[in-house]
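Q: next one to model:
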Amino acid sequence: MSSTLPSLTQAPATGFAALLQPRVVLRATLLAIALLYVATTLRAVTGGVRPAVSHDDRPVVLQDR
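A: All right, here's what the predicted structure looks like:
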């Protein structure tokens with residue numbers, strides 16, 4: 001007699017299906033967040049961030065000298 005229930009001992013996913021498993025997606029997301037955090041922290045610590053140049057829309061006559 002055959003059962004219509006899925007087998008409890010299924011083969012592990014391979015190829016593209018393996019990349020869509022929730023733990024793989026979660027791990028990749030956390031890794032990406034960690035890398036962005038490290039990159040921005042290092043950029044700030046090493047002085048790679050420059051202040052933005054301010055833009056003054058006032059006419060030249062009214063600008064402070």
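Q: pull out the buried residues from the biggest helix by length in the chain.
A: Ranked by number of residues, the top helix in the chain under DSSP state H is helix 22-45. Burial within helix 22-45, assessed by neighbour count using 16 or more other Cβ atoms under 10 Å, is assigned to no residue. No exception for glycine: its C-beta is placed from N, CA and C like everyone else's.
Q: helices and strands around that helix, which ones?
A: Counting contacts by 3 or more Cβ pairs under 8 Å, 6 or more residues apart in numbering; DSSP states H and E, helix 22-45 is packed against no other helix or strand.
Q: export it to PDB, keeping only CA atoms.
A: Output in PDB follows, covering the C-alpha atoms of helix 22-45 (Å, rounded to 0.1, in the frame of the first residue of the first chain):
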ATOM      1  CA  PRO A  22      15.400  29.900   5.100                       C
ATOM      2  CA  ARG A  23      18.600  29.300   7.100                       C
ATOM      3  CA  VAL A  24      20.800  30.100   4.000                       C
ATOM      4  CA  VAL A  25      18.900  33.300   3.300                       C
ATOM      5  CA  LEU A  26      19.100  34.400   6.900                       C
ATOM      6  CA  ARG A  27      22.800  33.600   7.200                       C
ATOM      7  CA  ALA A  28      23.500  35.500   3.900                       C
ATOM      8  CA  THR A  29      21.400  38.500   5.100                       C
ATOM      9  CA  LEU A  30      23.200  38.600   8.500                       C
ATOM     10  CA  LEU A  31      26.600  38.400   6.800                       C
ATOM     11  CA  ALA A  32      25.700  41.200   4.400                       C
ATOM     12  CA  ILE A  33      24.600  43.400   7.400                       C
ATOM     13  CA  ALA A  34      27.800  42.600   9.300                       C
ATOM     14  CA  LEU A  35      30.000  43.500   6.300                       C
ATOM     15  CA  LEU A  36      28.200  46.800   5.700                       C
ATOM     16  CA  TYR A  37      28.600  47.600   9.400                       C
ATOM     17  CA  VAL A  38      32.300  46.800   9.300                       C
ATOM     18  CA  ALA A  39      32.900  48.800   6.100                       C
ATOM     19  CA  THR A  40      31.100  51.900   7.300                       C
ATOM     20  CA  THR A  41      32.800  51.800  10.700                       C
ATOM     21  CA  LEU A  42      36.200  51.400   9.100                       C
ATOM     22  CA  ARG A  43      35.400  54.300   6.700                       C
ATOM     23  CA  ALA A  44      34.400  56.500   9.600                       C
ATOM     24  CA  VAL A  45      37.400  55.600  11.800                       C
END
